[in-house]
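1. Next comes the sequence, and after it the predicted model I'd like to discuss.
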Amino acid sequence: MEDIFARLYDMTAFSNIVADPRFLIMYAIAFILLYLGIKKQYEPLLLVPIAFGVLLANFPGGDMGVIQADENGMVMVNGVMKNIWEMPLHEIAHELGLMNFIYYMLIKTGFLPPIIFMGVGALTDFGPMLRNLRLSIFGAAAQLGIFAVLLVAILMGFTPKEAASLGIIGGADGPTAIFTTIKLAPHLLGPIAIAAYSYMALVPVIIPLVVRLWCTKKELSINMKEQEKKYPSTTEIKNLRVLKILFPIVVTTIVALFVPSAVPLIGMLMFGNLVKEIGSNTSRLFDAASNSIMNAATIFLGISVGATMTTDAFLNWTTIGIVIGGFLAFALSISGGILFVKIFNLFTKKKINPLIGATGLSAVPMASRVANEIALKYDPKNHVLQYCMASNISGVIGSAVAAGVLISFLG
């Protein structure tokens with residue numbers, strides 16, 4: 001009888017959890033992410049799949065975790081080292097399981113992040129940025145955190161490629177962080193993706209903290225509409241629709257000429273936007289890009305990335321460094337945008353609310369909404385949303401270009 005009970009006990013996951021209590025930490029992380037996604041509604045389309053992927057990867061005996069290949073693409077299969085890229089698709093699915101098949105075919109090849117960018121482009125309106133082009137420069141200034149943390153991470157002992165993957169978290173763009181990490185440091189994909197999406201979800205918490213650190217009440221009360229009335233713009237857009245159609249074509253061409261490695265992200269972003277702006281003639285393409293294709297890509301990306309978060313891959317000092325460094329990159333990016341606005345205001349009569357600099361991140365449109373809520377607390381009539389969107393949208397382009405530069409130099 002005791003033997004039967006012992007076998008029953010060994011059959012359950014409890015025996016594995018007792019043998020390795022670290023599984024409990026991973027469950028706690030998964031439940032916290034689920035709480036943020038479901039209860040707090042912080043990026044639920046991303047955090048819920050990632051959190052569930054973490055659960056699947058850490059159920060003992062479930063074989064749902066992703067096996068990380070080394071730099072040469074070698075993985076252990078039934079006691080034999082094999083090159084993952086030379087294995088037939090059916091062999092990957094049979095020997096390593098469905099999650100590894102999805103990960104190596106769709107994620108690690110870099111296929112899904114550009115597909116998601118296409119969907120983001122289809123959902124993005126570049127109108128606010130085109131109407132306030134001078135504000136788009138603050139999206140570039142907000143990339144400060146990427147390069148500052150890159151240097152700090154190298155001093156901490158990370159390799160340049162690892163440091164670049166860590167720094168890109170400061171761009172506040174999950175697909176960009178994943179794409180960069182796939183190219184430069186794929187063994188860190190899990191922790192970096194979790195950090196990137198977690199901090200994106202915590203934008204409503206982090207931006208107010210940084211804003212309080214740098215900004216005065218007088219600065220936060222700057223009314224952009226009043227500034228426009230005092231100092232009206234001399235530039236008038238006569239045909240915005242034509243400009244919105246030309247913009248993605250021109251941007252893609254310029255990026256392709258100067259930063260070719262950024263084309264997979266920028267090109268797909270602009271393609272998605274182009275089919276949106278053309279109108280009824282490409283409405284079916286727009287619908288597919290912004291709905292079914294993007295939704296499927298988000299599911300596969302989230303669950304697969306979450307499945308890389310095994311105990312061995314996550315519970316180590318490197319991951320702790322990534323979590324700390326990621327927060328630093330995020331905070332420095334927000335600070336960079338704010339400080340650039342403050343410097344800009346020293347040399348111009350037409351003042352700009354520092355909140356616009358704080359939204360130079362890629363977290364569209366959450367960052368702009370948070371900034372607008374802060375502005376309304378100081379002045380109920382001070383709606384800065386459309387101005388923040390100009391900086392916010394340019395931040396999407398800026399982070400993707402920054403990723404292309406890093407891949408070009410370090411890849």
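-> Right, received. Where do you want to start? Residues are numbered from 1 along each chain as shown.

2. Any idea which helix or strand in the chain has the lowest mean pLDDT?
-> In the chain, the helix or strand scored least confidently by mean pLDDT, DSSP states H and E is helix 2-11, which has a mean of 71.

3. quick one: contacts of it?
-> Residues outside helix 2-11 that contact it (C-beta atoms under 8 Å, 6 or more residues apart in numbering): S15. All C-beta atoms are positioned from the backbone trio N, CA, C, and that covers glycine.

4. Could you identify the helix or strand that succeeds that helix?
-> Helices and strands here follow DSSP states H and E; after helix 2-11, the next one along the chain is helix 14-19.

5. can you give me the mean pLDDT across the very next helix or strand once past that next one?
-> On the C-terminal side of helix 14-19, the closest following helix or strand by DSSP H and E is helix 22-38. When pLDDT is averaged over helix 22-38, the result is 91.

6. what comes up buried for helix 22-38?
-> Buried positions in helix 22-38, judged by neighbour count with 16 or more other C-beta atoms under 10 Å: F23, M26, I29, A30, L33, L34, L36, G37.

7. Is it possible to get a markdown table of these that adds distance to S368?
-> Compiled in a markdown table, the buried residues of helix 22-38 are given as follows (distance: C-beta to C-beta, whole Å):
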| residue | distance to S368 |
| --- | --- |
| F23 | 39 |
| M26 | 34 |
| I29 | 29 |
| A30 | 30 |
| L33 | 24 |
| L34 | 26 |
| L36 | 20 |
| G37 | 21 |
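
8. Just the closest of those to L220, please.
-> Nearest to L220 among those, counting by C-beta to C-beta, is L36 at 26.9 Å.

9. In three-state terms, label the nearest residue to the closest one once chain neighbours are set aside for me.
-> Once flanking residues are discounted, L36 sits nearest to Y42: 4.6 Å by C-beta to C-beta, 6 or more residues apart in numbering. Secondary structure assignment for Y42 (DSSP: H, G, I helix; E, B strand; the rest coil): coil.

10. show me the contacts for Y42.
-> Y42 makes contact with L36, A201, L202, P204, according to C-beta under 8 Å, 6+ apart.

11. Tell me the one of the buried residues of helix 22-38 nearest N345?
-> N345 has its nearest neighbour among the buried residues of helix 22-38 in L36, at 35.3 Å by C-beta to C-beta.

12. ok, so what distance separates the residue nearest to L36 from V80?
-> 43 Å (C-beta to C-beta, to the nearest Å).

13. ok, now M389?
-> In this view, M389 and V80 are 54 Å apart by C-beta to C-beta.

14. more crowded one of these two?
-> M389 (28 against 8; other C-beta atoms under 10 Å).
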